[in-house]
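# Everything below, folded, please.
(one chain, ligands or ions: 1)
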Amino acid sequence: MVATPIRVTITGAAGQIGYALAFRIASGAVFGPEVPVSLSLLEVPQAVRVAEGVAMEIHDCAFDLLTDINIYDDPSKAFHGANAALLVGARPRSKGMDRADLLEANGGIFAPQGKALNDHASDDVRVLVVGNPANANAAIVAANAPDIPAGRVNAMMRLDQNRSIAQAAEYAKVSTAAISRVTVWGNHSDTQFPDLFHAQINGEDTDVFTSDMDWYEHSFIPTVANRGAAIIEARGASSAASAAAAAIGHTREWFNGSKPGNWASVAMLSDGSYGVPEGLMCSFPAVSKDGDWEIVQGLEINDIARKYIDASLAEIVHEREAVRKLGFIR
Ligand code: NAX
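Residues are numbered from 1 along each chain as shown. This is a model prediction of the structure:
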């Protein structure tokens, strides 16, 4: 019997992350070698032609798992029947734009996309927001999609987590595979807090990282927080393949479950855990079980971690108030 294809919508598919993402999803990198994939690409009208070029190349890969690929400039059509939606397309900050302008421009994208997801996606849709400002955009999607269960709209923190793991592994002189339980709390911005207090090496608790707080606070945290800027400076363009790999890692774990004993960083609406006010789009350590994330409970948050988490929370609250003033959430 041929399995029913999973319907995946990628927005901003003509952009650089979209280009790095679509081929890998079509090849089975997220849903595995047994699950056929039907791809929908959403773009703005002026980029539809570029998306057509991307689709031609995907077609030319003759992927065994790809059943069909369709391009849209209308969210209600692009999200029709979607089981997974990766919201990558966003409005970047241009010259002269301040933070409020940026939030307003993106609210104009993510509020209608949230409504379209609410009305047209499959009942089991899972939505990952990659486009920045990711937490604010995800909060706008969630507010405009009341029928989608709260935990099923996430903002992507996985790239920050992967960057943290890579830096930690280099410091400890172990492979990245040896590192687990490294997660990032808060906002996808430079206030994020990469948490090494619960890190493990080869499945064992370790103080390798936290016994050198000078390295932790003055080298590791700024390196992770500023990695995106360092890549732009070196490459002349922002992270693309690593962002796509992060979106794939997040979505694969969401659909297929977490590795036993390991945790993921997931920005989702707070349920009040760890003193994070209910309804804030904040990243927590989480595990995926039966297709849903559960926040890891009972972790000790020491004074140092609390200081960083609270600073990031203050920024999320500030952004939420700005978005509320603009009328995108209540
Ligand atoms: P690009 O500018 O290359 O591509 C964005 C694409 O989105 C363009 O093709 C554009 O036409 C399209 N788009 C714009 N508005 C749209 C709409 N309303 N509907 C559908 N498509 C629309 O950017 P790229 O480098 O691919 O980055 C995409 C987004 O990811 C940016 O907002 C970027 O800041 C964000 N990132 C988020 C990361 C994260 O960890 N959460 C890391 C990487 C990245 O910086």
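
# How about the residues of the stretch 101-250 of the chain by the ligand?
If contacts are counted using CB under 6 Å from any ligand atom, the residues of the stretch 101-250 of the chain sitting beside the ligand are Ile109, Val130, Gly131, Asn132, Ala134, Met156, Leu159, His188, Ser238, Ser239, Ala240, Ala243. Quick note: C-beta positions are derived from backbone N, CA and C, even for glycine.

# From those, keep the buried residues only.
By the neighbour-count criterion of 16 or more other CB atoms under 10 Å, those include these buried positions: Ile109, Val130, Gly131, Asn132, Ala134, Met156, Leu159, His188, Ser239, Ala240, Ala243.

# Can I get the residues you listed in JSON lines including secondary structure?
As requested, those are exported to JSON lines (DSSP: H, G, I helix; E, B strand; the rest coil):
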{"residue": "Ile109", "secondary structure": "helix"}
{"residue": "Val130", "secondary structure": "coil"}
{"residue": "Gly131", "secondary structure": "coil"}
{"residue": "Asn132", "secondary structure": "coil"}
{"residue": "Ala134", "secondary structure": "helix"}
{"residue": "Met156", "secondary structure": "strand"}
{"residue": "Leu159", "secondary structure": "helix"}
{"residue": "His188", "secondary structure": "coil"}
{"residue": "Ser239", "secondary structure": "coil"}
{"residue": "Ala240", "secondary structure": "coil"}
{"residue": "Ala243", "secondary structure": "helix"}
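
# quick one on the thing from earlier: okay, the residues of the stretch 101-250 of the chain next to the ligand in a markdown table with pLDDT next?
Shown next, in a markdown table, are these (pLDDT from 0 to 100):
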| residue | pLDDT |
| --- | --- |
| Ile109 | 98 |
| Val130 | 98 |
| Gly131 | 97 |
| Asn132 | 95 |
| Ala134 | 97 |
| Met156 | 98 |
| Leu159 | 98 |
| His188 | 96 |
| Ser238 | 93 |
| Ser239 | 94 |
| Ala240 | 96 |
| Ala243 | 98 |
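
# What is the nearest of these to Lys325?
For these, the residue nearest Lys325 by CB to CB is Ile109; the value is 17.8 Å.

# That closest one touches Arg91, doesn't it?
Yes. In this structure Ile109 lies within contact range of Arg91 using CB atoms under 8 Å: 6.2 Å.

# Assign a three-state SS to Asn154, would you?
Three-state call for Asn154 (three-state DSSP): strand.

# Check the burial of it by counting its neighbours.
Asn154: 30 surrounding residues under other CB atoms under 10 Å.

# tell me what the regular element (helix or strand) spanning Lys77 is packed against?
In this structure, Lys77 is located in helix 75-78 according to DSSP states H and E. Helices and strands touching helix 75-78, by 3 or more CB pairs under 8 Å, 6 or more residues apart in numbering; DSSP states H and E, are strand 6-11, strand 37-42, helix 99-120.

# Distance from the chain centre to it, please.
Relative to its chain's centre, helix 75-78 lies at 21 Å (CA atoms, centre = their mean, to the nearest Å).

# Kindly report the same for stretch 56-69.
Stretch 56-69 sits 25 Å away from the centroid of its parent chain (CA atoms, centre = their mean).

# can you tell me the residue of the stretch 1-150 of the chain closest to the ligand?
For the stretch 1-150 of the chain, the nearest residue to the ligand under the criterion CB to the nearest ligand atom is Gly15, separated by 1.9 Å.

# List the contacts of that residue.
Under the criterion of CB atoms under 8 Å, 6 or more residues apart in numbering, the neighbours of Gly15 are Ala47, Val88, Gly89.

# just Phe193 next, same as before
For Phe193, the contacting residues are Val184, Trp185, Gly186, Ile221, Ala305, Tyr308, Ile309, Ala311, Ser312, by CB under 8 Å, 6+ apart.

# Please identify which of those residues is nearest to the ligand.
For the contacts of Phe193, the minimum distance to the ligand (CB to the nearest ligand atom) is 10.1 Å, reached by Val184.

# Which pLDDT value goes with Met1?
Reading off the confidence values, Met1 has pLDDT 54.

# same question, the one 5 residues further on
At Ile6 the predicted local confidence, pLDDT, stands at 98.

# thought it was touching Leu39?
No. Counting by CB under 8 Å, Ile6 does not reach Leu39; the two are 9.9 Å apart.

# How far does stretch 194-206 sit from its chain's centre?
Between the mean C-alpha location of stretch 194-206 and the chain-wide mean there is a distance of 22 Å, by CA atoms, centre = their mean.

# Good, wrapping up.
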